[in-house]
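# I need the structure of the sequence given here:
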Amino acid sequence: MIVALPQEAFGLTPDGRPIVRYTLRDGLSMIVRFLNLGGVITEIQVPDREGRPTNVVLGFARGELYQQGGEAAYFGALIGRYANRIGGAQFSLGGRIYRLDANDGRNTLHGGKAGFHTCLWNVRASGTGPEPQSAVLSLQCPDGEGGFPGTLALKVRYSLAENALAIDYRITTDRETFVNPTSHCYFNLAGAGSGSVDEHLLEIFASRYTPINAELLPTGEIASVADTPLDFRRPTAIGARIREAFPQLLHARGYDHNYVLDKLDTNPHQNGRDLHLAARVYEPKSGRILEVLTTEPGLQFYSGNGLNGSLVGAEGRAYRQSDGFCLETQHFPDSPNNPQFPATLLRPGEIFSSRTVYRFLTDTDKAAGGGGFWQP
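Below is the predicted model of the structure:
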């Protein structure tokens, strides 16, 4: 028997439709709350080394606040049709130029003005058990929305098990198109609203990255992270090198870069691919550890550079630069205009599928590898 999802009213859209918040529990100590609006994850409650639970994702107190526009629109949301940027807000496909919404200067960011984050998703419980541990979110996007070709049918599954949140994506289309979904949670393992994440120790399992230009678009190169502030192959404090006068950091005013994961596989749709460890983060005071596993070839590390104190979180505190970080699993930015990157083309009859897992541990957990990985 499938148990109904606990839900609560969480506000209204501008046209008066209800925003609903749902709750998932893993049966142990993890709680995840999310909205039908954009699939937004508003809370992830996980324990520290003393067993005390805290919400570790940034968010807002009401659904309306996720509709403020700007950076707020992406907090915790499902992102698409195409995560990250598409240069010149256009691409060529089948001999035709498709012109997209330009919502980031002259470029398209996170699917444009009508991206997944703006939509009301259908939500239903999934699985059985004494408490809801999983839910399926579904959506249909019409042909031409945001300028993209193809009617998309989407299913995203949120599921919890043993202090881990798995996000599974499944997308089909009736016309050739490009897809690249992700989730855009802002994490602070000390607790949302607790201040800077500069002292979090970050490890990214990538030897290469895709350099960007002043518009934050990839140049088309794939470069080594060696001898640069973008090298997180050993655990390093997020803030240790963020103010260095390195051109890539100056372009983004911090970190906003796609990493080429070392276990890159160029299979464009991930069918049959295994999860691999993409990143690990450790917060010393709480002892919390976040591990990110994915079937995707890329990971965008974003250090919250656009947070300027104008947004007030659910905790009643203003969010400022470096108060949260994002680890967005993905294909590479602007791949439709960079054919040398792993393909993001989806054809009729094919299924795009991928999985990302956010796994939470503490430094007292045996699964943390003996308790020494975070040493710089």
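
# so who does E315 touch?
Applying Cβ atoms under 8 Å, 6 or more residues apart in numbering to E315 gives the contacts A192, G193. All C-beta spots, glycine's among them, are computed from the backbone N, C-alpha and C.

# read off the pLDDT value for the residue nearest to P333 when sequence neighbours are not counted.
Nearest residue to P333 in three dimensions, chain neighbours excluded: N84, at 3.8 Å (Cβ to Cβ, 6 or more residues apart in numbering). Looking at N84, its pLDDT stands at 97.

# helix or strand: which one has T23?
strand 18-25 (DSSP states H and E).

# skip ahead from that strand and say which helix or strand is next.
Counting by DSSP H and E, the next helix or strand C-terminal to strand 18-25 is strand 31-35.

# for the helix or strand bottoming out on mean pLDDT in the chain, which helices and strands make contact with it?
Every helix and strand in the chain was compared by mean pLDDT, DSSP states H and E; the lowest is strand 122-126, with a mean of 94. Judged by 3 or more Cβ pairs under 8 Å, 6 or more residues apart in numbering; DSSP states H and E, the packing partners of strand 122-126 are strand 134-141.

# note down every partner strand of the strand it packs on and its orientation.
strand 122-126 (antiparallel), strand 152-160 (antiparallel) (DSSP bridges).

# hmm, F187 and S194 touching each other?
No - the criterion here is Cβ atoms under 8 Å, and S194 misses it with F187 at 11.4 Å.

# so, low pLDDT: which residues of the stretch 1-150 of the chain?
1-3, 128-131 (pLDDT under 70).

# mind checking which helix or strand the residue lying closest to G193 once chain neighbours are set aside is in?
What sits nearest to G193 in space, not counting adjacent residues and going by Cβ to Cβ, 6+ apart, is E315, at 3.2 Å. Secondary structure assignment for E315, by DSSP H and E: no helix or strand.

# please enumerate the helices of this structure.
Here the chain has its helices, by DSSP state H, at 247-252.

# surely H276 meets K263?
Yes - assessed by Cβ under 8 Å, H276 is found in contact with K263 at 4.2 Å.

# shared neighbours of the two, which are they?
F205.

# how about the strands paired with strand 134-141 in JSON lines, adding distance to A166?
Shown next, in JSON lines, are those (distance: least, Cβ to Cβ, whole Å):
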{"stretch": "strand 122-126", "distance to A166": "12"}
{"stretch": "strand 152-160", "distance to A166": "5"}
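
# for the ones you listed, which one ends up most surrounded?
strand 152-160 (a mean of 21; mean count of other Cβ atoms under 10 Å).

# hmm, who's touching that one?
24-26, 30, 32, 34, 39, 41, 78, 80-81, 116, 121, 126-127, 133-141, 165-173, 177, 179, 181.

# got a ChimeraX select line for the buried ones in those residues?
Entered in ChimeraX, the line below selects the buried ones among these, by 16 or more other Cβ atoms under 10 Å:
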select :24,25,26,30,32,34,39,41,78,80,81,116,121,126,133,134,135,136,137,139,141,165,166,167,168,169,170,171,172,173,177,179,181
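
# before we move on, the earlier item: out of the strands paired with strand 134-141, the one nearest P333 is which?
strand 152-160 (19.7 Å; Cβ to Cβ).

# how far does that closest one sit from the chain's center?
14 Å (Cα atoms, centre = their mean, to the nearest Å).

# that strand versus strand 31-35: what angle between them?
160 degrees (axes from the mean of the first three to the mean of the last three Cα atoms, to 10 degrees).

# from here on, count from 476
Got it, first residue is 476 now, which makes that one strand 627-635.

# alpha carbons of strand 627-635, in CSV - could you do that?
Coordinates of each C-alpha in strand 627-635 appear next as CSV, following Å, rounded to 0.1, in the frame of the first residue of the first chain:
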residue,chain,number,x,y,z
LEU,A,627,9.0,16.7,-23.4
ALA,A,628,7.5,14.2,-21.0
LEU,A,629,9.4,14.3,-17.7
LYS,A,630,9.5,12.2,-14.6
VAL,A,631,11.8,13.0,-11.6
ARG,A,632,11.9,10.7,-8.6
TYR,A,633,13.0,11.8,-5.2
SER,A,634,13.8,8.9,-2.9
LEU,A,635,15.4,8.6,0.6
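
# what distance do you get for the residue nearest to P808 to T583?
Using Cβ to Cβ, to the nearest Å, we find N559 at a distance of 9 Å from T583.

# for A589, same thing?
A589 sits 11 Å away from T583, going by Cβ to Cβ.

# now for those two: what residues contact both?
D576, G621.

# quick one, which of the two is more surrounded?
Ranked by neighbour count (other Cβ atoms under 10 Å), A589 and T583 place T583 first, with 29 against 17.

# now the strands: where do they sit in the stretch 476-625 of the chain?
Applying DSSP state E, counting those that start in this stretch to the stretch 476-625 of the chain gives strands spanning 482-487, 493-500, 506-510, 516-522, 528-530, 553-554, 560-561, 565-568, 571-574, 583-584, 597-601, 609-616.

# which other residues reach the third one?
By that I understand strand 506-510. With contacts defined as Cβ under 8 Å, 6+ apart, strand 506-510 is touched by 485, 494-500, 515-520, 528, 538, 541, 551, 610, 633, 635, 640.

# direction included, what does that strand pair up with?
Strand 506-510 pairs in its sheet with strand 493-500 (antiparallel), strand 516-522 (antiparallel), by DSSP bridges.
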